Each structure stands twice: as C-alpha cells, then as structure tokens.
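Chemist: Give me a 3D structure for the following:
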Amino acid sequence: MKILVQKFGGTSVASPEARVAVKDKVQKAVRSGFAPVVVVSAMGRKGEPYATDTLIGVLKETNLSVNVRELDMMMCCGEMMAACVMAATLQQFGINAMALTGGQAGIITDSQFGAARIKNINVSNLHHLLESGVIPIVCGFQGMTENNGKFTTLGRGGSDTSAAALGAALHAECVEIYTDVEGIMTADPRLVKEASILKQISYSEVCQMAHQGAKVIHPRAVEIAMKKNIPLVVKSTFSDAPGTLITNDCEETEEDTTINERLASGVTHLTDLAQFKVELNPEDIASGRKLFEDLADAGISVGCLNLSESSAMFAVFAGDVEHTNKVLDGTDFAYVLNDGCAKVSVVGSAMRGVPGVMANFVAALTGRKISILQTVDSDTTISAIIKQEHLVDAVTALHKAFKL
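Modeler: Next up is the predicted model:
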C-alpha cells in the first residue's frame, strides 16, 4: 500500500469551493494508486469565525489568565471543525472518509501545553482505516497526552509538523503541503515582483529560509522529514502547478542544469527588530558571559549575535525591547539601542566556500546606499541588520545580485 500524506492549510478548507478543490486533490491521489491520509488546519485566518486566533480571542475575552490546559482544548476546536466539515464534504461526493482528532490518529505528546513535542505515534488505527478503504481526515496541530488523554497543541506551524510526523510514522511515499501559493518562492512576491517558484530545494536550505523569516513550511516539519528522507512537496490547492520539491541536497541533472548555477536559493527577511550594542570590559573576560546570563535569566532570546573582547551586538524583536532595556539598565553595561530594524538574508548551500559571496552581498546593499549595521553568517546563510525603511530596496537588490 502506497501511502500519501496530504496537508491542507486554513485557506484550503475555508470555503465550500476550496473544499471541493481539496476533494479533487484527494481523488487524484486515489486514482494514482495512493492511500491518502489528509491533515487539515483550522478553517480560515485571523478574524474568520473558526480560525485559531478567533477561538483564542473568545476565551481570553472571558479570562486573560485562562489555564493553558483549557486554552489548548479551545485551540483544538478549530481543527476538529475543519476535519468534520472536510469529511462531510468528501462523503457528499461518495468518498468514504472519517474525521479523527490528533489523539485518535495516534499522536501522543508530552504535556507541554501550547508547545507540545510528539513522543510517539501509534499508527494501528490509521492502518486499519486505510486497509478498509477509509480516508482518515486528521486534525493537525494537536495531539494527546499519554496517560490522561488531555488535548495538547504543537505550537505555530503545528499542522505541518503533524503531517510530517504522520508521514514518517506511516513510511509514506511523500508528504504534500497544500497552500494558496504554487510553491516556495525565491523571495516574498509582495516585495519582489520578479520572485519565482523554486522547482527543488534541499531540506537544509528550506529550514534556513524558514528560520530567517520565509513563511513557507515549519522547520520542525522539515527536520522530521529529513530524518526519514521523506520528500516534501509544497504546492497550491487551487492549481495543477507541480510545486516545490524538498529533498536531499539537489544534484544537477541533464534535464535541469539551472539548480547548481545559482549560488543562492532565496532571499528572506525578518521585520520589527531592534539592535543593541553593549560595551564590555576587555579586562574582564567574564563580562560577556554575565551579559548573556542576565538576558537568559530574564527570558530574553537574542539573535544576530556578534561578540568581541570589548563589545557585543545582538538583535531582539520589538516586543522585547522594553524588557531588554530594563535588564541592561539594572547592570553596569553601557549600551546603544538602534530600533526600527530588519534582517535580510541570502540562503543557499552552494555558497559554501565560494570566494566573493560576501563581496557580492555587500556590494548589492551599498550600491543602493543601504547602511549595513551588522552582519552574521553561516556556511549557507549571510544576513545583515539594516534599517527597516530600506527593506524593500535591500531584498530587491540581493535578489538581483544573486541572479534569482
């Protein structure tokens, strides 16, 4: 039995017309000889009646300090409604389908409400349904604790994680992630009109793109698929475009020699950042350790870190600025705050060890008279902190410079 996991996001199940499009994708999988397992997100996005954020708002209108157990149970309702409505849609067209909660599908998690980790998946119920010709419609984003059967949620992007984890547990041929775009793009098309769909990208590159701000697929889902070497495909519910294949490091083929001609795969960005420059005592080698211990004790996560004998530079999201100021004001460290910042990144495994990549990156930005406040890099990523007012120019310039 060839198993295919198909995950459909909120916009794919939000309307009757969209759900018919989902039905068509499921039928196509069956006709191609697959036994599909369907994973769904809550219907719609923020502001729509059954979206997760809307359900959270209903609960917090009653009590801002609601217990996390009840909050998770409430958040699970969106996916349960979506699974039931999607199952009903398939049944309407004569397709034998059954809605299942994450727990009923065998997803067992720890009890970290709001950010649960999957401990185990018992696929016996799913196998029984598939062998009986039933298509399971599984609630994404959720699981169940092992001993007392409490609802848990997997955190933002949890439906992608559910789909990848089920694909791994079921030894699926592939996991398809359906959304309202036709694949992973070389940049945000709202900023760069020349952005194009990537035919193929490696697990490691798409993880980096997701971590650096690209809203394509949750990195946890990619990591799960990578461990089991299960191909992921990101494609549109509303077209027959082939989408983007996510697999092991791409290799050049005779049919497509463009994959390795590009040093980079995409340009990504993060907004609403603030940069801190902190003076350290060069005569006290422990001063840097004290700085970051103080920040960690206050629960502040830092990124874009540069550390030297005499100074430290790092970035936080705008929501953490006031808290960071309070921590630093309570210490002997002198510092400068640079708010209104953004981070732009170029991602590509082919950049590794290639001379001139940083020169190209810097030239692209300075050629547009964009000041670089700080850079950080890894083998596959180069990033810069810039003022957010220059974001569109920066992303456009890097996209052009790296011939994307």
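Chemist: which parts of stretch 210-217 are buried?
Modeler: Buried residues in stretch 210-217, defined by neighbour count with 16 or more other C-beta atoms under 10 Å: 210, 212-214, 216-217. Heads up, the C-betas are built off the backbone N, CA and C, glycines and all.
Chemist: okay, those in TSV with secondary structure, pLDDT and distance to C139 next?
Modeler: Formatted as TSV, the entries for those read as follows, by DSSP: H, G, I helix; E, B strand; the rest coil; pLDDT from 0 to 100; distance: C-beta to C-beta, whole Å:
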residue	secondary structure	pLDDT	distance to C139
A210	helix	88	23
Q212	coil	88	30
G213	coil	85	28
A214	coil	85	26
V216	coil	79	22
I217	coil	87	19
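Chemist: Now for Y178: which residues touch it?
Modeler: When contacts are counted by C-beta atoms under 8 Å, 6 or more residues apart in numbering, Y178 is found next to 6-9, 12, 22, 25, 235-237.
Chemist: From V302, how far off is the closest residue to G330 other than its chain neighbours?
Modeler: For G330, ignoring the flanking residues on the chain, the nearest one in space by C-beta to C-beta, 6 or more residues apart in numbering is D294 at 8.0 Å. In this structure, D294 and V302 are 11 Å apart, going by C-beta to C-beta, to the nearest Å.
Chemist: Could you check which of those two has the larger neighbour count?
Modeler: Neighbour totals were compared for D294 and V302, and V302 leads with 18 against 15 (other C-beta atoms under 10 Å).
Chemist: So, low pLDDT: which residues of this protein?
Modeler: With pLDDT under 70 as the threshold, the chain has low-confidence stretches at 249-261.
Chemist: Excluding residues flanking it in the chain, which one is nearest the spatially most central residue of it?
Modeler: What sits nearest the mean C-alpha location of the chain, by C-alpha atoms, centre = their mean, is H218, with 2.5 Å. Spatial nearest neighbour of H218, excluding adjacent residues (C-beta to C-beta, 6+ apart): G157 at 2.9 Å.
Chemist: count of neighbours near that neighbour?
Modeler: Neighbouring residues of G157 were enumerated by other C-beta under 10 Å; the total is 18.
Chemist: ditto for L263
Modeler: Using other C-beta under 10 Å, L263 has 18 other residues around it.
Chemist: gap between it and V344?
Modeler: Shown here: L263 relative to V344, a distance of 16 Å by C-beta to C-beta.
Chemist: cool, D24 as well?
Modeler: D24 sits 38 Å away from V344 when distances are taken as C-beta to C-beta.
Chemist: Repeat that for G330.
Modeler: Plainly put, G330 is 33 Å away from V344 if you go by C-beta to C-beta.
Chemist: can you check Y335 too?
Modeler: Looking at Y335 against V344, where the rule is C-beta to C-beta, the gap reads 24 Å.
Chemist: What lies in contact with stretch 227-236?
Modeler: Contacts of stretch 227-236 (C-beta under 8 Å, 6+ apart): 164, 167-168, 171-184, 203, 216-217, 221-222, 225, 241-248.
Chemist: if we go to 7 Å?
Modeler: Contacting residues not belonging to stretch 227-236 are listed as 167-168, 172, 174-184, 216-217, 222, 225, 241-248 [C-beta atoms under 7 Å, 6 or more residues apart in numbering].
Chemist: what's the span of it, first residue to last?
Modeler: Using C-alpha to C-alpha, to the nearest Å, the span of stretch 227-236 from its first residue to its last is 25 Å.
Chemist: So the residue nearest to G330 lies in a helix, does it not?
Modeler: Yes - in this structure, D294 lies within a helix as judged by DSSP: H, G, I helix; E, B strand; the rest coil.
Chemist: these two touch, right, it and T331?
Modeler: Yes - here D294 reaches T331: they are 6.0 Å apart, a contact under C-beta atoms under 7 Å.
Chemist: buried residues in stretch 132-149?
Modeler: Of the residues in stretch 132-149, 134-145 count as buried by neighbour count, 16+ other C-beta under 10 Å.
Chemist: Which two among those are spaced furthest apart?
Modeler: Farthest apart among the buried residues of stretch 132-149 by C-beta to C-beta are I135 and T145. That separation is 26.9 Å.
Chemist: returning to what we had before: who's more crowded, D24 and V344?
Modeler: When D24 is set against V344 and neighbours are counted by other C-beta under 10 Å, the residue ahead is V344, at 29 against 14.
Chemist: and that one, what element?
Modeler: Under DSSP states H and E, the secondary-structure element containing V344 is strand 335-347.
Chemist: Just checking: what are the partner strands of that strand?
Modeler: Under the criterion DSSP bridges, strand 335-347 sits next to strand 266-279 (antiparallel), strand 381-387 (antiparallel) in its sheet.
Chemist: Roughly how far does the residue lying closest to P36 once chain neighbours are set aside sit from M74?
Modeler: Leaving out its chain neighbours, the residue that sits closest to P36 by C-beta to C-beta, 6+ apart is A29, at 4.4 Å. Shown here: A29 relative to M74, a distance of 32 Å by C-beta to C-beta.
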